[in-house]
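A.B. asks: I'll drop the sequence and a predicted model, then ask my questions.
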Amino acid sequence: MARFTSLIVALFVASASVAAPVETRGIGSLACNIDRAKIVAALVQSNISVGKIDTSDPDTATAVTAAKAGLSQVTSAIESIAEALFTGQAPPDSARVGVSLGLNATRSALDGITNPAVSSSVAAAQTNVQSAIDDGNAVLADCS
């Protein structure tokens with residue numbers, strides 16, 4: 001959770017910096033930065049909700065491990081994007097792909113959980129992951 005909170009702070013600091021005009025630093029518009037903050041917040045919630053899924057069933061535990069791996073991939077990709085923004089570079093395409101692949105892997109892992117005992121916690125996690133996906137799509141639309 002601390003990594004995600006630090007990402008939110010890092011993106012905010014980067015967007016609030018006045019050292020150069022926004023366009024020359026590749027930081028993006030206000031809408032872009034709001035979208036970035038929203039995806040990071042959705043990822044925090046996704047991590048929390050995935051962590052609340054009962055893993056006493058072996059199949060569920062395997063799926064939750066896969067979901068966490070997908071979220072870890074997203075986190076690493078977002079860290080690469082934030083690093084690029086801090087150094088005035090465009091975010092690498094590979095990091096954007098990493099966000100997409102990680103979110104899709106997380107969604108697929110959660111969709112594979114069929115244990116009715118955890119259906120409500122899985123549904124909550126799926127909702128949060130879908131919010132992150134929607135926010136990621138907004139980043140793509142607003143951060144050109």
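C.D. replies: Everything's here; your move. Since this is a predicted model, take the numbers as computed values, not measurements. Residues are numbered from 1 along each chain as shown.

A.B. asks: which element follows the helix or strand where residue 71 lies toward the C-terminus?
C.D. replies: Using DSSP states H and E, residue 71 maps to helix 58-86. Downstream of helix 58-86, the first helix or strand assigned by DSSP H and E is helix 93-111.

A.B. asks: Can you give me the distance of residue 29 to residue 139?
C.D. replies: Per C-beta to C-beta, to the nearest Å, residue 29 is found 11 Å from residue 139. Just so you know, the C-beta spots here come from the backbone N, C-alpha and C atoms, and that holds for glycine as well.

A.B. asks: ok, these two, which is more surrounded?
C.D. replies: residue 139 (23 against 14; other C-beta atoms under 10 Å).

A.B. asks: Show the contacting residues for that one.
C.D. replies: When contacts are counted by C-beta atoms under 8 Å, 6 or more residues apart in numbering, residue 139 touches 32, 35, 36, 39.

A.B. asks: Same list, those, but as CSV with distance to residue 82, neighbour count and secondary structure please.
C.D. replies: CSV is the format used below for the contacts of residue 139 (distance: C-beta to C-beta, whole Å; neighbours: other C-beta atoms under 10 Å; DSSP: H, G, I helix; E, B strand; the rest coil):
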residue, distance to residue 82, neighbour count, secondary structure
32, 13, 19, helix
35, 14, 22, helix
36, 9, 28, helix
39, 12, 25, helix
